[in-house]
Every structure is written in C-alpha cells, then in structure tokens.
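Novice: Kindly generate the corresponding structure for this input.
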Amino acid sequence: MEIILKQDVDKLGHKDDIVNVKPGYARNYLIPQGMAILATATAKKIHAENLKQKAHKETKLISDAQAIANKIEGMKLQIPTKTSSTGKIFGSVNTIMIAEALIKEGYEIDRKNITIKTDSIKEVGTYEATVKLYKSIKANITFEVFSE
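Specialist: Residues are numbered from 1 along each chain as shown. Below is the predicted model:
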C-alpha cells in the first residue's frame with residue numbers, strides 16, 4: 001500500500017516521502033495516528049503542488065539569508081561592559097549581548113542562532129562568533145568587548 005508521510009517516521013522515511021508499507025501497518029497505525037495519508041491520485045497531485053510551492057518558498061528564504069550573511073560577514077560589533085581596573089569583566093559576555101548589538105545595527109537575529117567561538121569571555125578584548133541564518137548559511141562576526 002502506498003502512503004504519503006506527514007511526519008518523520010523512524011526506519012520508514014521522512015516527511016513528504018511516498019513509501020510502500022503493508023496495508024495493516026498503514027490502516028491500523030500510520031493513518032489513525034496522523035502520521036500518513038493514503039496516496040491516491042488526487043493526494044499525489046496535491047502533494048506534488050505542495051512540494052513545488054515549498055521549494056519556491058525555500059529558495060526565497062535561502063536568498064534572503066544569503067543576502068543578510070553577505071552584509072554581516074566580517075562585521076565588527078562594539079559591546080560595552082562593566083569592568084574592574086585590571087580589565088576583568090563583572091559577569092561575562094553572552095549571546096544575548098551580541099543579539100542586542102546586532103539589533104542596534106538593524107539585524108533581528110535570535111540569540112539561539114549565535115555561537116561564540118570562545119568558551120567564556122571574562123576579559124576585555126576582541127572575539128569571534130558565528131551566526132546561523134538558515135540551515136547551512138552561516139556568517140562570522142567579530143566583536144570587541146570594551147570597558148564602559
């Protein structure tokens with residue numbers, strides 16, 4: 001029996017795959033659980049159209065992410081912090097501070113998509129971070145931590 005998967009199923013396939021399974025497995029488990037639909041001729045046409053629209057949207061997302069990556073690649077951010085007289089930071093610099101600095105520059109990027117290359121930043125200096133904009137599109141930025 002041919003079915004279209006609506007979500008990833010272990011050892012069977014990924015979302016939007018058309019797979020052959022035994023009729024009992026499809027009728028008794030996959031379809032009632034909402035994991036799949038029966039692959040009729042009309043369902044296949046709808047599925048093909050959905051994949052076509054999804055591919056079109058994804059190309060737009062990729063081009064937008066690439067444009068942002070080109071703009072912020074190599075960008076230098078300034079992050080002011082409170083420090084002691086020896087240059088030690090009270091606390092540490094984290095991804096929230098970098099995200100706020102990017103917002104000031106005009107780029108709305110979630111802090112969860114920012115990775116600092118150094119484990120912890122406890123001193124004044126220049127550091128690097130990686131910003132993940134889309135699945136495989138990343139940009140490297142440099143940020144300078146200085147005393148307020």
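
Novice: longest strand anywhere in this structure?
Specialist: strand 138-147 (DSSP state E).

Novice: Next, the buried residues of that one.
Specialist: Buried residues in strand 138-147, counted by 16 or more other C-beta atoms under 10 Å: 139, 141, 143, 145. C-betas here are computed from N, CA, C, even on glycine.

Novice: and if you look at stretch 76-88?
Specialist: Buried residues in stretch 76-88 (16+ other C-beta under 10 Å): 77, 79, 81, 83.

Novice: who does the lengthiest helix in the chain touch, helix- and strand-wise?
Specialist: Ranked by number of residues, the top helix in the chain under DSSP state H is helix 41-72. Identification of packing neighbours for helix 41-72 by 3 or more C-beta pairs under 8 Å, 6 or more residues apart in numbering; DSSP states H and E yields strand 2-5, strand 138-147.

Novice: what about 6 Å?
Specialist: Under the contact criterion of 3 or more C-beta pairs under 6 Å, 6 or more residues apart in numbering; DSSP states H and E, helix 41-72 touches strand 138-147.

Novice: CA atoms only for the strand it packs on, dumped as PDB, please.
Specialist: What follows is strand 138-147, C-alpha atoms only, in PDB (Å, rounded to 0.1, in the frame of the first residue of the first chain):
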ATOM      1  CA  LYS A 138      26.400  31.000   8.400                       C
ATOM      2  CA  ALA A 139      28.300  34.200   8.900                       C
ATOM      3  CA  ASN A 140      31.300  35.100  11.100                       C
ATOM      4  CA  ILE A 141      31.300  38.300  13.000                       C
ATOM      5  CA  THR A 142      33.900  39.900  15.200                       C
ATOM      6  CA  PHE A 143      33.000  41.800  18.400                       C
ATOM      7  CA  GLU A 144      35.100  43.900  20.700                       C
ATOM      8  CA  VAL A 145      34.400  43.900  24.400                       C
ATOM      9  CA  PHE A 146      35.400  47.200  26.000                       C
ATOM     10  CA  SER A 147      35.000  48.900  29.300                       C
END
